[in-house]
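Visitor: predicted coordinates and the sequence they were generated for:
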Amino acid sequence: MPFDAATLLSQLFTGLVLGTIYVLLALGLSLIFGLLTVVNFSHGSFYMLGAYLGFFVLGFTKNFWIALVVAPLLLGLLGLLTERWLVRPLYGRSIDDPLLLTFGLSLVLVEAARLVWGKMGLTFDPPAALAGAVNLGFTYFPAYRLFVIAATAVVVVALWLFLERTTLGLVIRAGTRDALIVRALGINLNLVWLLVFGIGCALAGLAGVLAAPMRGVYPEMGVTIVIESFVVVVVGGMGSLLGAIVAGLLIGEVVSLTTFFAPKMADIVVFLVMAVVLLVRPSGFFGEAGLME
Amino acid sequence: MLTVDAIHTYYGESHVLQGVSLRVDAGEVVALLGRNGAGKTTTLKSIMGIVPARRGTIRFDGADITRLPPHLVARRRIAWIPEERRIVPNLTVYENLRLAMLKAPVDGKEASARLEEALAFFPRLRERLTQNGKSLSGGEQQMLAIARGLVAGPALMLVDEPTEGLMPIIVRNLTEILHAINARGTSMLLVEQNLEVALALARRVYLIDQGRIEFEGTPDDLRGHPDLLRRYLGV
């Protein structure tokens, strides 16, 4: 196997890019789980829809940047509708009920995508401005992938500022830990739950558009990655946003390096990492014990 | 001000409150006493809309609040100071207070005056404004729970076991502060295991047992009935 430091560095960068997609998906999952205690299994389908809608907005407007903004907004809207009309009637019931509902929804959405757009994948070209490669010193790296890293960093910082510096962020942080006292202090959490579900789905849509030029657009594109993103959430600690970021990048690197050094292991290494982490820290890196009780 | 009329409250199939009636008049401290499991906390939770009563009515300032969800009960200026304190552990002391002021029906100037007033009662909280809720001692958490109720400017406070598990010196301090809060015009429905604290603060007392009110009277009436104290409080 040809191997040198430059190849390793290049592979680490590839892992970082994969990690950013995990981070975006896991942030949405973790935000929704942390506040609503809903395991959103339709997250992968929202990611897939983000990619398709991005593709069509791009075809319509010929402008990648518009697609990058509009597709996540449409997914956010779909998230609002999903929370209001499908998930909300199940609050107060067992955690399995919304899980089954969103799992069913994901099957419906994948099948609908096959019916509407066909089983064949679509090719999604990166914008011309980001088409080439950049010389990083040790290797040439696609400019678009560097953009994905930068865009994720911006989103993460924006989300952090939103949660730490705004009034709504304060309510979300409080509601994540004790919804009852927040309500007893006069705050209507229904609106907050709705909004957080929308934000989480918009993040999935954004991940879909960002991933499309790298991974292609096809109906099943969210099926595997949502499972891996759940692993990221579990490893990082259920409901912990910092955990989603750290674990997302870690899993991205592990998958990338395993693909390079031991390709046969690449599909299962994610679950090995999860098993080891759960043996050592059952609540994940940053999880608070007892959140599920 | 508050009238609870024959409410029946259930946890699932378990019939916890079996026709509880009581009232709190403007400016009063009313104590609700009874053994563990008698229905004291459930009465407060029913008023708050957390465990709504299935039958009976709860009226506050003339309006029926029996079926209101907790956030709407709170906006009618009823503050709940729960037994478990429920300080949000990942927020700072200041953020916990700010949370309570978000929906308080007051303007910015009055809100900061309220904050000053609450911190004047609890100078120890002022020193800890930037600390996380989970770093507070039990006594400090109780102070913050009361301060959090105060900053919303309540007309009525539902105070559940404020002195439970605290050192005697803090109990004395809290008793004085609750008295001062009441003297400024806030009514209270107080659930308290510490009989001396309850009788010192309350103008009227209810004894509750197995979900039913068994006695209503003044602290002096109750002191004159050691049989009742033995039977319903085990004192």
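Guide: Everything's here; your move.
Visitor: only C-alpha atoms from now on, for both contacts and neighbour counts.
Guide: Noted.
Visitor: how is chain B divided into domains?
Guide: The record's domain split for chain B, according to automatic domain parsing, is B:1-77+B:155-235, B:85-153.
Visitor: helices along chain B, start to end?
Guide: Per DSSP state H, chain B carries helices over the ranges B:40-48, B:70-75, B:93-101, B:108-121, B:123-127, B:138-151, B:168-183, B:195-201, B:219-223, B:226-228.
Visitor: which of the domains of chain B sits closest to chain A?
Guide: Nearest of the domains of chain B to chain A, taken as C-alpha to the nearest C-alpha: domain B:1-77+B:155-235 at 3.8 Å.
Visitor: any part of the closest one near chain A?
Guide: Yes - under the criterion of C-alpha under 8 Å from any C-alpha of the partner chain, chain A is reached by domain B:1-77+B:155-235 at B:M48, B:P70, B:H71, B:L72, B:V73, B:A74, B:R75.
Visitor: most neighbours of all those residues, which one?
Guide: Counting by other C-alpha atoms under 10 Å in any protein chain shown, B:P70 has the largest number of neighbours within these, with 28 neighbours.
Visitor: now do that one, the pLDDT please.
Guide: Note for B:P70: predicted pLDDT of 96.
Visitor: now do the one 5 residues further on
Guide: Listed pLDDT for B:R75 reads 94.
Visitor: how about the one 5 residues further on?
Guide: The predicted local confidence for B:W80 comes out at a pLDDT of 97.
Visitor: all helices of chain A, in order?
Guide: Shown for chain A, the helices assigned by DSSP H span residues A:5-36, A:43-61, A:64-82, A:96-117, A:143-165, A:167-177, A:179-184, A:189-215, A:221-236, A:241-261, A:269-280.
Visitor: now for the last one, which elements pack on it?
Guide: Using 3 or more C-alpha pairs under 8 Å, 6 or more residues apart in numbering or on different chains; DSSP states H and E, the elements in contact with helix A:269-280 are helix A:221-236, helix A:241-261.
Visitor: can you pull out the low-pLDDT segments for the chain?
Guide: Reading this off chain A. Applying pLDDT under 70 to chain A flags the ranges A:1-3, A:289-293.
Visitor: my bad, the chain I had in mind was chain B
Guide: Scanning chain B for pLDDT under 70 picks out B:105-106.
Visitor: pick out the residue closest to the middle of it.
Guide: The centroid of chain B falls nearest to B:V159 when counting by C-alpha atoms, centre = their mean (1.5 Å).
Visitor: quick check: it touching B:W80?
Guide: Yes - proximity of B:V159 to B:W80 meets the contact threshold set by C-alpha atoms under 8 Å, at 6.3 Å.
Visitor: smallest gap between the stretch 51-200 of chain A and chain B, at which residue?
Guide: Minimum separation of the stretch 51-200 of chain A from chain B (C-alpha to the nearest C-alpha) falls at A:G186, amounting to 3.8 Å.
Visitor: that residue is in contact with B:P69, isn't it?
Guide: No - taking contacts as C-alpha under 8 Å, A:G186 lies outside contact range of B:P69: 9.5 Å.
Visitor: who's more crowded, these two?
Guide: Neighbour count, other C-alpha under 10 Å: between A:G186 and B:P69, A:G186 has more, with 27 against 19.
Visitor: show me what contacts the more buried one?
Guide: Contact analysis of A:G186 by C-alpha atoms under 8 Å, 6 or more residues apart in numbering or on different chains lists B:P70, B:H71, B:L72, B:V73, B:A74, B:R75, B:A100, B:K103, B:A104.
Visitor: give me the nearest residue to the last one, chain neighbours excluded.
Guide: In space, B:A104 comes closest to B:A152 once its chain neighbours are excluded; the distance is 5.0 Å by C-alpha to C-alpha, 6 or more residues apart in numbering or on different chains.
Visitor: can you tell me how far the one you found is from A:A129?
Guide: Distance of B:A152 to A:A129, given as C-alpha to C-alpha, to the nearest Å: 54 Å.
Visitor: neighbour count winner among those two?
Guide: The neighbour count for B:A152 versus A:A129, taken as other C-alpha under 10 Å, is higher for B:A152 (28 against 9).
Visitor: show me what contacts the more buried one?
Guide: So B:A152 contacts B:R77, B:A79, B:A100, B:M101, B:K103, B:A104, B:P105, B:A111, B:R114 (C-alpha under 8 Å, 6+ apart).
Visitor: against B:V51, how distant is the residue of the stretch 51-200 of chain A closest to chain B?
Guide: To B:V51, A:G186 is 16 Å away according to C-alpha to C-alpha.
Visitor: before we move on, what about B:E192?
Guide: From B:E192 across to B:V51, the span is 20 Å (C-alpha to C-alpha).
Visitor: those two - which one has more neighbours?
Guide: Taking other C-alpha under 10 Å, B:E192 and B:V51 do not tie; B:E192 has more neighbours (24 against 18).
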